[in-house]
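S.K.: here are the coordinates; sequence isn't available:
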DNA sequence: CGACTAGTTGAGGCCAGTCAATGTTGGTGG
DNA sequence: CCACCAACATTGACTGGCCTCAACTAGTCG
């Protein structure tokens, strides 16, 4: 197996020559920075090695590029190594809705399992990289490794639960509450990945946030201004600093 | 093993002594009326038999009774034999949202997989009966029977996809469109079960419909009246007759 | 520099929510 | 069987939150 040059300049704008200490050519779960929140969670050494063999390689997706599109035959799940994606569901009349934002360690592609075709579009919000997991191989390995099987179930179940939470949000929360929930969710996910939960850079546009939250971009923009005025946070374009978590949690109906 | 004749009289109010021709003690997939849309789809004879052994029994739930509640430890999935359920997600501030309606052959309980506790409440809308499927046994059998494993994946993935569809609905459709989508979805599910798709009885209240669609019950009521006025359907309390499918589909953004 | 994309802010309108009164249905007990 | 009550449903009048439309600013890239 040829090992490619890996680490890759992925930061969106950095044109500067990045120094890459080691060529980590083939992806190895054991050395992956997001393994703690990815499929391999809880797997023992041998199982990890076998999972490595399942990984058919990596794919790099440039900003705005799509990982898969609705209707394409389903074959693989994708584990995000680096970067951020959104998933987009399309109505037949052209309307579209952002159904999720995904970051390192999260699994994309499960929407393809039901119909054997992907049902939504997964698009990179920044230059990103994923591990390609052929589902048939994954299933085979899951056949033998109970803990992987369990992780796979959980991964699918998580998508469903997330959907339910979003239904609650979209069905019964006002705009301000929705934004608070969204920001707290992001904060927690950044924290889980070792980043600051108070301060982060949004990877998505106002319009994408709005779509995800069932709002219009102007509303989102106004809300950011309002929350800033109330001292709950600071906004500067896509740079967010959360200042008053308890107030945000109160807004979010304690669901953050 | 005794074989039961499945026809159990479960009708809600019948206080009359129900005649149950045979005590059908153990449920058998092979003779179940909803097996075509349940977990056993596509399983061969031997596998079906083994699935029967997984079924730990049945549970009857009276109208308004709950099958499981949020926080209860997860142990089983439930396959609906007879009846209808709703699932309810609760926010910490008390707000609640109907996240789904489930009918014969559909699987409940997958929301428990992620956290090992059920995350929502499943409540019977009418006297109902489910097969109890201990997840550990199901998983063990799935370990050996690839087609069951596949069905299990699909079942979980379906929940997730359904969630995405609902996000699209809640995030970007107006009230009238939502109701149209809802009615067409019900129609298709009734048809798949061998019932009329034009004419059926709603098992849920206006308030439950409204919650599910992210609306208020008054709005739903008004919409029924309006659509009736426009000749798209006939309503009489919970009895629905759909008159103009193409118009409804147009309303639903062809997504029905 | 112009063209473009992303974001902010304001004014006004509309859809669905709120509040409230009334009608209908179904289960219960006399 | 009927009377009663509670739950469910319908309809109207009014309100308000978010959308629409539009103008303007800031940053980016060829």
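M.R.: The structure has been received and is ready for your questions. Just so we're clear, the structure is a prediction, and the values are computed from it rather than from any experiment.

S.K.: which residues of the stretch 1-150 of chain A score low on pLDDT?
M.R.: A:1-27 (pLDDT under 70).

S.K.: Okay, strands next: where are they in it?
M.R.: Per DSSP state E, counting those that start in this stretch, the stretch 1-150 of chain A carries strands over the ranges A:57-61, A:66-68, A:76-82, A:84-90, A:96-103, A:107-108, A:121-124, A:128-134.

S.K.: Any chance you could note which residues of chain A sit beside DNA strand D?
M.R.: Contact residues, chain A versus DNA strand D (C-beta under 7 Å from any atom of the strand): A:13, A:174-176, A:214-216, A:218-219, A:237. Quick note: C-beta positions are derived from backbone N, CA and C, even for glycine.

S.K.: which two in those are spaced the farthest apart?
M.R.: Largest separation among the residues of chain A next to DNA strand D by C-beta to C-beta: A:13 and A:174, giving 35.8 Å.

S.K.: that older thread, mind checking the strands of the stretch 1-150 of chain A for the one nearest to residue B:40?
M.R.: strand A:76-82 (25.5 Å).

S.K.: Now for residue A:66, how many residues are close by?
M.R.: Neighbours of residue A:66 under the rule other C-beta atoms under 10 Å in any protein chain shown: 15.

S.K.: That one is in contact with residue A:125, isn't it?
M.R.: No - taking C-beta atoms under 8 Å as the definition, residue A:66 is not a contact partner of residue A:125, at 11.3 Å.

S.K.: For the one residue in the stretch 1-150 of chain A that gets nearest to DNA strand C, give me its contacts.
M.R.: Residue of the stretch 1-150 of chain A nearest DNA strand C, by C-beta to the nearest atom of the strand: residue A:64 (8.5 Å). The contact partners of residue A:64, taken as C-beta atoms under 8 Å, 6 or more residues apart in numbering or on different chains, are A:123-124.

S.K.: Tell me how far stretch A:41-58 lies from the chain's centre.
M.R.: Relative to its chain's centre, stretch A:41-58 lies at 20 Å (C-alpha atoms, centre = their mean, to the nearest Å).

S.K.: and what of stretch A:129-137?
M.R.: Computed by C-alpha atoms, centre = their mean, the chain-centroid distance of stretch A:129-137 equals 16 Å.

S.K.: Could you pull out the buried residues of it?
M.R.: A:129-133, A:135, A:137 (16 or more other C-beta atoms under 10 Å in any protein chain shown).

S.K.: Repeat that for stretch A:190-200.
M.R.: Quick answer for stretch A:190-200 (16+ other C-beta under 10 Å): A:190, A:197, A:200.

S.K.: Could you single out the nearest of the residues of chain A next to DNA strand D to residue B:41?
M.R.: The closest of those, once distances to residue B:41 are taken by C-beta to C-beta, is residue A:214, at 34.0 Å.

S.K.: which residues sit in contact with the residue nearest to the closest one when sequence neighbours are not counted?
M.R.: Among residues not flanking residue A:214 along the chain, residue B:171 sits closest, at 3.5 Å (C-beta to C-beta, 6 or more residues apart in numbering or on different chains). By C-beta under 8 Å, 6+ apart, the residues touching residue B:171 are A:97, A:170, A:211-214.

S.K.: what's the domain layout of chain A?
M.R.: Chain A breaks down into these domains under automatic domain parsing: A:3-167, A:173-251.

S.K.: now residue A:222: how far from chain B?
M.R.: 18 Å (C-beta to the nearest C-beta, to the nearest Å).

S.K.: wait, residue A:173
M.R.: Taken as C-beta to the nearest C-beta, the span from residue A:173 to chain B is 8 Å.

S.K.: burial of the closest residue to residue A:35 other than its chain neighbours, as a residue count?
M.R.: Nearest non-adjacent residue to residue A:35, counting by C-beta to C-beta, 6+ apart: residue A:29, 5.3 Å away. Neighbour count of residue A:29, defined by other C-beta under 10 Å: 22.

S.K.: Among the buried residues of stretch A:190-200, name the ones in helices.
M.R.: Mapping these onto helices (DSSP state H) picks out residue A:190.

S.K.: Quick check: of the buried residues of stretch A:190-200, which lies closest to residue A:180?
M.R.: Nearest to residue A:180 among those, with distances taken as C-beta to C-beta, is residue A:197, at 14.1 Å.

S.K.: Name all residues that make contact with that closest one.
M.R.: Here residue A:197 is in contact with A:187-188, A:190-191, A:242 (C-beta under 8 Å, 6+ apart).

S.K.: rewinding a little: would you mind giving both backbone torsions of the residue of the stretch 1-150 of chain A closest to DNA strand C?
M.R.: When read as degrees, to the nearest 10, the backbone of residue A:64 gives phi 70, psi 0.

S.K.: Could you check how many residues crowd around residue A:204?
M.R.: 18.

S.K.: what about it, helix or strand, and which?
M.R.: Using DSSP states H and E, no element contains residue A:204; it sits outside every helix and strand.

S.K.: tell me the contacts of it?
M.R.: A:84, A:86, A:98, A:101, A:125, A:212.

S.K.: Give me the neighbour count for the fifth one.
M.R.: The one in question is residue A:125. 21.

S.K.: DNA strand D versus that one, what's the distance?
M.R.: Distance from residue A:125 to DNA strand D, counting by C-beta to the nearest atom of the strand, to the nearest Å: 15 Å.

S.K.: Would you check that residue A:241 makes contact with residue A:234?
M.R.: Yes - if you go by C-beta under 8 Å, residue A:241 and residue A:234 touch, sitting 4.1 Å apart.

S.K.: Overlap in contacts, these two.
M.R.: By C-beta under 8 Å, 6+ apart, no residue touches both residue A:241 and residue A:234.

S.K.: Need the residue closest to the centroid of chain A.
M.R.: For chain A, residue A:102 is the residue whose C-alpha lies nearest the centre (C-alpha atoms, centre = their mean; 1.0 Å).

S.K.: Excluding chain neighbours, what is closest to that residue?
M.R.: Take residue A:102 and drop its neighbours on the chain: the residue closest to it by C-beta to C-beta, 6+ apart is residue A:85, 4.5 Å away.
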